[in-house]
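A.B. asks: sequence plus the predicted model coming up.
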Amino acid sequence: MDTVTQSDLLEERMAVDFAAPPAGFEPAMDKETPSVAKRSRKWLVWTLIGAGLAVAGGISWKLFSKPAAAAYTVVNVRKGNLARTISATGKVQAVTTVQVGT
C-alpha cells in the first residue's frame, strides 16, 4: 500500500466568472421548455385559481351550513289528570330565596 504525503496532493484552483457563460455556450431553447416568465405566470394562475376555489368553498359552507331548525310539536290544550309523575330522592331546596311581605 502506497503512502500519500501532503506534497503528493496538489490542488488546482481556477477563477470562475459566473457573470458570463463560457465561450461557445448556447442555452438549449426547446419548444417544449417554457420560459421562466411563462412558468411564473402559470404558477401564479394556478395559485389564484386555488385561492378562488378555497374562498368560494368557505363562502358556500358559511351560507349553506345553517343549523337545523328546532322541531316543535303543537297540540291542543285539554283538561285532564296528570299522566306522568316525577320522583326524586333528597331534599328539595330553592336556588334563590325571596323574602315576601313587610
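C.D. replies: Sure thing, it's come through.
A.B. asks: per-residue pLDDT, residue 54?
C.D. replies: As predicted, residue 54 sits at a pLDDT of 97.
A.B. asks: name the helix or strand for it, please.
C.D. replies: Here residue 54, judged by DSSP states H and E, is contained in helix 36-64.
A.B. asks: mind listing what residue 65 touches?
C.D. replies: Counting by C-beta atoms under 8 Å, 6 or more residues apart in numbering, residue 65 makes contact with nothing. (Each C-beta comes from the backbone N, C-alpha and C, glycine too.)
A.B. asks: and it, how far from residue 57?
C.D. replies: 11 Å (C-beta to C-beta, to the nearest Å).
A.B. asks: and if you look at residue 101?
C.D. replies: In this view, residue 101 and residue 57 are 64 Å apart by C-beta to C-beta.
A.B. asks: quick one: which of the two has more around it?
C.D. replies: The residue with more neighbours, out of residue 101 and residue 57, is residue 57; 10 against 3, by other C-beta atoms under 10 Å.
A.B. asks: local confidence estimate at that one?
C.D. replies: 95.
A.B. asks: could you do the one 5 residues further on as well?
C.D. replies: Reading off the per-residue confidence, residue 62 sits at a pLDDT of 88.
A.B. asks: next one: residue 99
C.D. replies: So residue 99 comes in at 88 (pLDDT).
A.B. asks: next, count neighbours for it.
C.D. replies: 5.
A.B. asks: for it, what are its contacts?
C.D. replies: Contacts of residue 99 (C-beta under 8 Å, 6+ apart): none.
A.B. asks: what helix or strand does it sit in?
C.D. replies: Judged by DSSP H and E, residue 99 forms part of no helix or strand.
A.B. asks: relative to residue 93, how far out is it?
C.D. replies: To residue 93, residue 99 is 16 Å away according to C-beta to C-beta.
A.B. asks: how about low-confidence regions in the chain?
C.D. replies: Low-confidence segments of the chain (pLDDT under 70): 1-23, 26-34, 102.
A.B. asks: try it again at 80.
C.D. replies: The model of the chain has pLDDT under 80 over residues 1-39, 66-68, 82-83, 86, 102.
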